[in-house]
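Novice: Generate coordinates for the sequence data below:
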Amino acid sequence: MTLTVCGLLGSPFVRKICTQLNEKHVPYEIESLSPFQADDSFTKINPVRRIPLLKDSDEGDDFILPDSSAIFHYIERKHPEPSLLPDSNADYGRALWLEEYADSEMASKIGMGVFRSIIFPQLAGDAPDMDKAMHFIREKLPPIHEYLEGQIAGKTWFSGDAFGLADISIAVQYGNLAFTGYAPSADRWPNLRAFMARVGERESFASIHMKAARFFADMKKIEIDPKEGL
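Specialist: Numbering: from 1, shown residues only. So this is what the prediction gives:
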């Protein structure tokens, strides 16, 4: 049996699946795949041209599954222990909602607004777009931080009593924010920062996060005056 995660470690969605597999101690391989450089055959596999893709040799050479949500639940079904989904119906529904919130709202504001403005120009040899990134940090991200600050208040994990789907989905998005040099203020959002510290102590998350961080280590980062309270 060979599972292969296709994509780039800079993608939070790729690291979402790697973190899941690490938690389950399921061996896997990583195959580099850039959606920006892939040919038309990639479109036939995934018409929205996004990563990751999953290959599973148990299902044959033609089996290729796109989309991190589909992949996550496929892996949960194939490797159910330890489960990364809550037991109760209410917590399960909550986990699905927070995964969707992370994959859509967080990804659009963090990924498209901040990460791409800082990282992508530098990959092309240009200066980062600090003005655009700071606009998103000042105007678009505080409502996200506020919402999640309230959701994690008084709890260790976002949904249920154990680390799982919701936590991974949220943490990898904030991981991409960290690559730009920015993290939400610990004074303003202490619950959220404490949550990220707990996640950072997990080998399943930290090992793959640090591998990705090396790609961005020498890039220019965001610098924010602490007085802004961001």
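
Novice: So if we follow the domain assignment, how does this protein break up?
Specialist: Following automatic domain parsing, one finds the domains of the chain at 3-78, 89-228.

Novice: Among these, show the one with the smallest mean pLDDT.
Specialist: Ranked by mean pLDDT, the domains of the chain end with domain 3-78 in last place, scoring a mean of 91.

Novice: pretty sure residue 95 belongs to a helix, no?
Specialist: Yes. Residue assignment for residue 95, taken from DSSP: H, G, I helix; E, B strand; the rest coil, places it within a helix.

Novice: ok, it - contacts?
Specialist: If a contact means Cβ atoms under 8 Å, 6 or more residues apart in numbering, then residue 95 has 85-86, 158-160, 164-166 as its contacts. For every residue, glycine as well, the C-beta is placed using N, CA and C.

Novice: Quick check: of the residues you listed, which lies closest to residue 98?
Specialist: Residue 98 has its nearest neighbour among the contacts of residue 95 in residue 166, at 3.8 Å by Cβ to Cβ.

Novice: surely the closest one meets residue 100?
Specialist: No. Counting by Cβ atoms under 8 Å, residue 166 sits too far from residue 100 to count as a contact (9.9 Å).

Novice: which residue ranges form the strands in the chain?
Specialist: Under the criterion DSSP state E, strands of the chain are mapped to 3-7, 29-32, 53-56, 64-66.

Novice: Show me where the chain has its helices.
Specialist: Using DSSP state H, the helices found in the chain span residues 12-24, 40-45, 68-78, 89-101, 116-123, 130-135, 141-152, 165-179, 190-200, 203-216.

Novice: Tabulate the ones you listed in JSON lines, adding columns for distance to residue 227.
Specialist: Conversion of the helices of the chain to JSON lines gives the following (distance: least, Cβ to Cβ, whole Å):
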{"stretch": "helix 12-24", "distance to residue 227": "29"}
{"stretch": "helix 40-45", "distance to residue 227": "46"}
{"stretch": "helix 68-78", "distance to residue 227": "37"}
{"stretch": "helix 89-101", "distance to residue 227": "30"}
{"stretch": "helix 116-123", "distance to residue 227": "21"}
{"stretch": "helix 130-135", "distance to residue 227": "14"}
{"stretch": "helix 141-152", "distance to residue 227": "15"}
{"stretch": "helix 165-179", "distance to residue 227": "20"}
{"stretch": "helix 190-200", "distance to residue 227": "18"}
{"stretch": "helix 203-216", "distance to residue 227": "26"}
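
Novice: closest to residue 31 out of those?
Specialist: Of all the helices of the chain, helix 12-24 sits nearest to residue 31, with 10.4 Å by Cβ to Cβ.

Novice: other SSEs contacting the closest one?
Specialist: Helix 12-24 makes packing contacts with strand 3-7, helix 68-78, helix 165-179, helix 203-216 when contacts are defined by 3 or more Cβ pairs under 8 Å, 6 or more residues apart in numbering; DSSP states H and E.

Novice: Please identify the most buried of these.
Specialist: Most buried of the helices and strands packed on helix 12-24, by mean neighbour count (mean count of other Cβ atoms under 10 Å): helix 165-179, with a mean of 25.

Novice: Which residues does that helix contact?
Specialist: With contact meaning Cβ under 8 Å, 6+ apart, helix 165-179 is reached by 10, 12-13, 15-16, 19-20, 72, 84-85, 94-96, 98-99, 102-103, 106-107, 110-111, 114-115, 119, 148, 157-159, 183-184, 195-196, 199, 205, 209, 212-213, 216.

Novice: Perfect, I'm done here.
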